[in-house]
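In: coordinates for the following, if possible.
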Amino acid sequence: MELRLDRNKTYGLVLEGGGARGAYQIGAWRALKEAGIAISGIAGTSVGALNGALVCMDDLERAERIWKNIRWSHVMDVDDKLMEAARKMRIPVRRPSAGDPPDGHASGLVLGKVLGEAGRIIRTGGFDVTPLRRLIEGAVDEERIRSSGRELYAVTYSLTDHCPLVVDICGLPDGEMAQMLMASAYLAGFKREKIGGKYYSDGCRANNVPVDVLIDRGYKDIIVIRIYGPGVDAEKHLKVPEDVNLYHIAPRTSLGGILEFDGKKARRNMALGYFDGLRMLYGLSGRRYYLDVPAGEAYYCRRLAKEAGLLARLLGEREGGSARYYTEELFPKLARELRLGRDWDYRELYLGILERLAAERGAGRLRVYGLKEFWERAAGGPRH
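Out: Below is the predicted model:
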């Protein structure tokens, strides 16, 4: 695989806000580190700012440990079992009756506990995020951040002053870093508490993808890690200067809810982030899978010509006797089914067919395939 980025350059890094989806960013960061990509500045919102502090510290091991073991109770003062029960939605939406089986009665009791906990949270003004504050205070090493040689900016919103803020974390007085990182991550539903005499809200309400923060500070090569959290997607309306290069790492599948703080889900999202990072770094092909394959369309046109009959059989389609059947009927039909764009080419079609077959055969997704191996996984055997 050939690296698309220049190891001799330094890059800015933008980390979008999105709560529990932030685990994805840590997986992508691992891919960047393994490729030898140097980061000189970070701008983040909410969880992106928190992850940005760990990037600034260059402490991937700590970041992975935090996310692999994350629980709801690490972020909010809640019961993990009740939160898991509520998430799964496997509880009845009524009171249990005398005729219910024991498991239904137990579920009804869980429902009562969930509703009781919800009532307590509402009465007390939202989720108590003391655990998150402690997590940030335990993870952030001010000395390492200040001595890292990297810049770190966090976006928040001052409810007191009714305005967005971009906070230069490295320029804060001693003892205030954790506080302002917390200010960036005050999601709706969290209990409000003053920080430095002011109330803050999650920076997502102002700018959830702060690409402009690094552009305004002179960065020319910027990696943007998207997690599609709620809030203002400022990048959509950003006019990027011609001399600025943006490189995006983004998921192609759902990362789950923004409050789904579950270690198993986080580990899965970290793996997705890692492989999506490889996709960007090495120009991997594939919509669902990660494919290190030849680039030219002519190559795939020849393969389709040789393998059209076999592919039709594998897909359960009618085999035709003429080339016109394939080029004018079957191939356009498959392109529509695969939802390829209007200007699809034979490379897209061939790889799309293989991906469909591979998915039907349950081929593992989280790995990089060469074309020969992927064909064997998709077709159920070696190519003859």
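
In: how about the helices in the stretch 251-384 of the chain?
Out: 263-282, 297-314, 323-324, 331-337, 346-360, 371-379 (DSSP state H, counting those that start in this stretch).

In: ditto for the stretch 51-200 of the chain
Out: 60-68, 80-88, 102-123, 130-139, 142-146, 177-184.

In: ok, back up a step: now the helices of the stretch 251-384 of the chain as JSON lines including mean pLDDT, distance to Ala43 and mean neighbour count?
Out: From N, CA and C alone the C-beta is placed, and that goes for glycine too. Converted to JSON lines, these look like this (pLDDT from 0 to 100; distance: least, Cβ to Cβ, whole Å; neighbours: other Cβ atoms under 10 Å):
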{"stretch": "helix 263-282", "mean pLDDT": "98", "distance to Ala43": "18", "mean neighbour count": "21"}
{"stretch": "helix 297-314", "mean pLDDT": "89", "distance to Ala43": "38", "mean neighbour count": "16"}
{"stretch": "helix 323-324", "mean pLDDT": "84", "distance to Ala43": "54", "mean neighbour count": "10"}
{"stretch": "helix 331-337", "mean pLDDT": "91", "distance to Ala43": "40", "mean neighbour count": "15"}
{"stretch": "helix 346-360", "mean pLDDT": "94", "distance to Ala43": "34", "mean neighbour count": "20"}
{"stretch": "helix 371-379", "mean pLDDT": "92", "distance to Ala43": "37", "mean neighbour count": "18"}
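
In: looking at these, which is nearest to Gly126?
Out: helix 263-282 (22.9 Å; Cβ to Cβ).

In: picking up where we left off before, can you redo the helices of the stretch 251-384 of the chain as a markdown table with distance to Ile227?
Out: Output for the helices of the stretch 251-384 of the chain, formatted as a markdown table (distance: least, Cβ to Cβ, whole Å):
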| stretch | distance to Ile227 |
| --- | --- |
| helix 263-282 | 8 |
| helix 297-314 | 33 |
| helix 323-324 | 45 |
| helix 331-337 | 30 |
| helix 346-360 | 24 |
| helix 371-379 | 28 |
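
In: outline the domain layout of the protein.
Out: 10-71+129-282, 79-123, 290-379 (automatic domain parsing).

In: coming back round to it: by mean pLDDT, show me the worst of the helices of the stretch 51-200 of the chain.
Out: For the helices of the stretch 51-200 of the chain, the weakest mean pLDDT is recorded on helix 102-123, namely a mean of 50.

In: separation between Ile353 and Gly296?
Out: Taking Cβ to Cβ, to the nearest Å as the measure, Ile353 falls 17 Å from Gly296.

In: same check on Gly27?
Out: 31 Å.

In: repeat for Leu13
Out: Where Gly296 is concerned, Leu13 sits at a distance of 33 Å (Cβ to Cβ).

In: and these two? Which one has more around it.
Out: Neighbour comparison, Leu13 and Gly296: the larger count goes to Leu13, with 30 against 10 (by other Cβ atoms under 10 Å).

In: assign the more buried one to helix, strand or coil.
Out: strand (DSSP: H, G, I helix; E, B strand; the rest coil).

In: wait, it touches Ile225, no?
Out: Yes: here Leu13 reaches Ile225: they are 7.2 Å apart, a contact under Cβ atoms under 8 Å.

In: residues touching Glu151, list them.
Out: Contact analysis of Glu151 by Cβ atoms under 8 Å, 6 or more residues apart in numbering lists Ser40, Gly41, Ile42, Asp168, Cys170, Arg217.

In: now swap in Pro241 and tell me
Out: Neighbours of Pro241 in contact, by Cβ under 8 Å, 6+ apart: Ile215.

In: sorry, back to before: just flag the most distant two among the contacts of Glu151.
Out: Ser40 and Asp168 (14.6 Å).

In: which of these two has more neighbours?
Out: Ser40 (16 against 12).

In: now do the more buried one against Leu152, distance only.
Out: Taking Cβ to Cβ, one finds Ser40 at 11 Å from Leu152.

In: now Ala206
Out: Applying Cβ to Cβ, the value for Ala206 to Leu152 is 18 Å.

In: who's more crowded, those two?
Out: Leu152 (26 against 20).

In: surely the more buried one meets Asn51?
Out: No: if you go by Cβ under 8 Å, Leu152 and Asn51 don't touch, sitting 10.7 Å apart.

In: between the two, what contacts are shared?
Out: Gly44.

In: backbone torsions only: list them for the closest residue in space to Arg356 that isn't next to it in sequence.
Out: Excluding the flanking residues, the one nearest Arg356 by Cβ to Cβ, 6 or more residues apart in numbering is Leu338, at 6.6 Å. Backbone torsions for Leu338, taken as degrees, to the nearest 10, come to phi -80, psi 0.

In: ditto for the one 5 residues further on
Out: Torsion angles at Asp343 (phi, psi; degrees, to the nearest 10) stand at phi -100, psi 30.

In: need the contact list for it.
Out: Applying Cβ under 8 Å, 6+ apart to Asp343 gives no contacts.
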